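[1] coordinates only, no sequence provided:
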């Protein structure tokens, strides 16, 4: 395999943050010698998440075995996932905002037609359903665990406890028609054909659409980490990957 220099469009503060977490972890478990130092392991993990390089590509580039590359990435991802904000954290933050935005997105996966639980009829592809909460400016607050793509948004929101958590925090939430019947503090547009809505209802729906448009910024932020554009790992690992990406994004935003 040919090896060449490349770049990763991630800030040095993000890399330092992950390297620091890895150093603490190594001290905690008493790890003495590794093939890569913490800075290099951090770069390995960031390259996998941001660029989507395979373990074989990473192994060749960093001069280690494929199994070692897998272990190093998994270790870093699990550390980051443990640092991700919980729904309770997000609800507390939401209670201090004028409102929050809720939406779901599908993370594509490599599954065949027989894997029906992962097939989203809305998106016409296989994937995992992830729920996203943002502040009024479209900045990420929380990302849910991943569910099979066949799960509808409102059902996913109920399963994760999002609706109850926001209601308890008395946090107004704007969402699309996919959350019809959610209740609580969730507000959706008026239901029905556009021509059948009154002028007032049409005006409300237009305003609602403008407010919700900013949630697309959060979706774009998530999928700027190219690993999430086409996941080829076990579905049981996807939640950890998503939460790791959220942690790195929040760390870079704070930095």
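    Thanks, I have it. All of these numbers come straight from a predicted model, not from anything done at the bench.

[2] show me the helices in this structure, by range?
    Taking DSSP state H to define them, one finds helices in the chain at 12-29, 38-51, 55-62, 66-83, 87-94, 153-160, 162-168, 199-212, 215-223, 238-254.

[3] of those helices, which is nearest residue 129?
    Counting by C-beta to C-beta, residue 129 lies closest to helix 153-160 out of those; the figure is 5.2 Å. Quick note: C-beta positions are derived from backbone N, CA and C, even for glycine.

[4] centre of the chain to that closest one, how far?
    In terms of C-alpha atoms, centre = their mean, to the nearest Å, the centre of helix 153-160 is found 16 Å from the chain centre.

[5] can we start the residue count at 692 from this point?
    Will do, 692 is the new start, and the previous item becomes helix 844-851.

[6] quick check: buried residues in it?
    By 16 or more other C-beta atoms under 10 Å, the buried positions in helix 844-851 come out as 844, 845, 847, 848, 849, 851.

[7] and if you look at stretch 893-903?
    For stretch 893-903, by 16+ other C-beta under 10 Å, it's 896, 899, 903.

[8] my guess is the second one contacts residue 865. True?
    Yes - counting by C-beta atoms under 8 Å, residue 899 touches residue 865, with 6.6 Å between them.

[9] joint contacts of the two?
    Common contacts of residue 899 and residue 865 (C-beta atoms under 8 Å, 6 or more residues apart in numbering): residue 878.

[10] each with direction, which strands does the lowest-mean-pLDDT helix or strand in the chain pair with?
    Lowest by mean pLDDT, DSSP states H and E among the helices and strands of the chain is strand 810-811, with a mean of 88. Strand 810-811 sits in its sheet next to strand 816-825 (antiparallel), going by DSSP bridges.

[11] and the angle for the strand it pairs with with helix 778-785?
    If you take axes from the mean of the first three to the mean of the last three C-alpha atoms, to 10 degrees, strand 816-825 sits at 50 degrees to helix 778-785.

[12] next, the angle from strand 816-825 to helix 890-903.
    Here the directions of strand 816-825 and helix 890-903 differ by 90 degrees (the same axes, to 10 degrees).

[13] pLDDT below threshold where in the stretch 842-946 of the chain?
    Applying pLDDT under 70 to the stretch 842-946 of the chain flags residues 946.

[14] pipe the buried residues of stretch 893-903 into JSON lines and attach distance to residue 927 per row.
    Output for those, formatted as JSON lines (distance: C-beta to C-beta, whole Å):
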{"residue": "896", "distance to residue 927": "39"}
{"residue": "899", "distance to residue 927": "36"}
{"residue": "903", "distance to residue 927": "31"}
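
[15] wait, which of those is closest to residue 702?
    Nearest to residue 702 out of the buried residues of stretch 893-903 is residue 903 (C-beta to C-beta; 28.9 Å).

[16] name the nearest residue to residue 786, sequence neighbours excluded.
    Spatial nearest neighbour of residue 786, chain neighbours left out: residue 860 (4.0 Å); criterion: C-beta to C-beta, 6 or more residues apart in numbering.

[17] so that neighbour touches residue 790, yeah?
    No - judged on C-beta under 8 Å, residue 860 makes no contact with residue 790 at a distance of 11.4 Å.

[18] compare the two and say which is more crowded by neighbours.
    Comparing residue 860 with residue 790 by other C-beta atoms under 10 Å, the one with more neighbours is residue 860, at 20 against 16.

[19] how far does stretch 835-854 sit from its chain's centre?
    In terms of C-alpha atoms, centre = their mean, the centre of stretch 835-854 is set 13 Å apart from its chain centre.

[20] that one: end-to-end distance?
    One end of stretch 835-854 sits 13 Å from the other (C-alpha to C-alpha, to the nearest Å).

[21] the nearest residue to residue 828 once chain neighbours are set aside: what's it in contact with?
    Take residue 828 and drop its neighbours on the chain: the residue closest to it by C-beta to C-beta, 6+ apart is residue 905, 6.2 Å away. The neighbours of residue 905, taking C-beta under 8 Å, 6+ apart as the test, are 792, 825, 827, 828, 829.
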